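**Student:** A predicted structure for the sequence below; I have some questions about it.
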Amino acid sequence: MSARASSLGRADAAALTALREQGYAVFERAYSNEEVAFLRGLLLAEWEKLGRPALAANPPVRPAPNVEVGPAGIVFHGLSSAYPEVAPRLYKPDIIATIRGLLGEDMRLELPAGVLSDESRPFFSWHTHIDGVDDAYYDNARPFEAFERSARVTHLLYLDDLSADNGPLLVLPRRITDPTAPPFDTNEDHWPGQVVIDCPAGSVVVIEQCTWHAAFQRRVPGIRAFVGSYFRAADTPPTPLTDPQLSSWRGDDPLFASLIGR
């Protein structure tokens with residue numbers, strides 16, 4: 001599919017091909033230093049307001065409504081509803097146009113969430129986002145169905161550099177139509193064929209829902225921050241994690257409004 005321009009952005013043809021043929025695409029330095037500082041500062045300020053709770057817990061705990069501390073770190077749900085001024089800063093037109101090239105023009109945003117973690121979070125084992133839920137939702141007996149086209153992607157905006165010290169992202173490339181079951185032990189920290197993604201703060205990694213990925217533990221003290229979002233094709237059932245407040249957003253940003261069906 002060739003790149004296509006619209007008032008809301010131009011699809012990146014190479015990135016769209018990568019999503020179909022590799023299951024992921026990287027957009028380096030898509031956000032400015034100022035945008036990164038704003039979003040990272042907001043998440044850190046909210047963590048401070050909660051009294052700086054631990055940044056990892058298993059089983060998960062909820063220190064406040066819409067906030068959960070679990071294996072991935074502390075997760076702040078409902079970003080756009082709790083902080084309406086954040087919505088216009090969350091997405092870039094060209095990246096959204098590329099995702100639309102994969103999922104369809106009428107795709108929908110399901111949730112945006114901010115995440116903080118530190119060196120206390122161990123290796124985050126291999127997983128996918130099929131159906132927008134983790135394996136526990138299926139009592140660890142997930143059905144690994146095959147797909148002919150993509151139904152959902154995860155948009156990961158990194159607010160810190162991904163490096164050897166900061167816990168880089170691991171992905172196992174795959175085509176949309178490849179089998180979805182795990183090819184290796186999900187607790188192993190090295191899979192044959194894996195790709196290690198190092199990228200600077202402000203970069204976005206878009207991962208197709210069936211693509212297996214993991215993250216190394218931080219080697220040094222400090223906080224690793226990102227904003228994660230789910231997007232689904234219009235005919236795909238929504239994830240149970242869908243933010244119910246999205247439909248009540250009343251801002252005037254045309255890109256964000258288009259993602260929630262307005």
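**Tutor:** Perfect, thanks for sending it.
**Student:** burial measure for the nearest residue to residue 189 once chain neighbours are set aside, as a count.
**Tutor:** In space, and not counting its chain neighbours, residue 189 is closest to residue 123: 5.2 Å by CB to CB, 6 or more residues apart in numbering. The way it works is simple: take the backbone N, C-alpha and C, and place the C-beta from them, glycine included. Using other CB atoms under 10 Å, residue 123 has 14 neighbouring residues.
**Student:** looking at it, residue 123 is touching residue 219, isn't it?
**Tutor:** No - using CB atoms under 8 Å, residue 123 makes no contact with residue 219, being 11.6 Å away.
**Student:** ok, back up a step: and the residue nearest to residue 189, what is it in contact with?
**Tutor:** Residues near residue 123 by CB atoms under 8 Å, 6 or more residues apart in numbering: 189, 214, 215, 216, 217.
**Student:** report the separation between the first one and residue 167.
**Tutor:** Here the distance between residue 189 and residue 167 works out to 11 Å (CB to CB, to the nearest Å).
**Student:** ok, then the element right after the worst-scoring helix or strand of the chain on mean pLDDT?
**Tutor:** Every helix and strand in the chain was compared by mean pLDDT, DSSP states H and E; the lowest is strand 5-6, with a mean of 49. Following strand 5-6 in sequence order, the next helix or strand is strand 9-10 (DSSP states H and E).
**Student:** that next one - contacts with which helices or strands?
**Tutor:** Taking 3 or more CB pairs under 8 Å, 6 or more residues apart in numbering; DSSP states H and E as contact, the helices and strands that strand 9-10 lies on are helix 93-103.
**Student:** who touches the helix it packs on?
**Tutor:** 1, 4, 6, 8-12, 15-16, 19-20, 25, 27, 30, 107, 150-153, 155, 204, 206, 208, 231-234, 255, 259.
**Student:** what about stretch 194-211, average pLDDT?
**Tutor:** Here stretch 194-211 scores 97 as its mean pLDDT.
**Student:** and if you look at stretch 86-105?
**Tutor:** 96.
**Student:** what does stretch 13-28 give?
**Tutor:** Mean pLDDT, stretch 13-28: 98.
**Student:** pull out the buried positions in that stretch.
**Tutor:** 15, 16, 18, 19, 20, 22, 23, 24, 25, 26, 27 (16 or more other CB atoms under 10 Å).
**Student:** need the next SSE after the helix or strand hosting residue 113, C-terminal direction.
**Tutor:** Using DSSP H and E, residue 113 sits within strand 108-118. Scanning forward in sequence from strand 108-118 by DSSP H and E, the next helix or strand is strand 124-127.
**Student:** before we move on, the earlier item: can I get the contacts of residue 123 in JSON lines including pLDDT?
**Tutor:** Below are these laid out as JSON lines (pLDDT from 0 to 100):
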{"residue": "189", "pLDDT": "94"}
{"residue": "214", "pLDDT": "97"}
{"residue": "215", "pLDDT": "96"}
{"residue": "216", "pLDDT": "95"}
{"residue": "217", "pLDDT": "93"}
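**Student:** by neighbours, which of the residues you listed wins?
**Tutor:** Using other CB under 10 Å as the neighbour test, these are led by residue 215, with 24 neighbours.
**Student:** quick check: closest non-adjacent residue to that residue.
**Tutor:** residue 124 (4.3 Å).
**Student:** could you do residue 232 as well?
**Tutor:** Per CB to CB, 6+ apart, closest to residue 232 is residue 152, 4.6 Å.
**Student:** tell me, how many residues neighbour the one you found?
**Tutor:** 25.
**Student:** again with residue 254
**Tutor:** By other CB under 10 Å, 13 other residues sit near residue 254.
**Student:** near the closest residue in space to it that isn't next to it in sequence, how many other residues are there?
**Tutor:** Sequence neighbours aside, residue 8 is the residue nearest to residue 254 in space, at 6.9 Å (criterion: CB to CB, 6+ apart). Number of residues near residue 8 (other CB under 10 Å) recorded here: 16.
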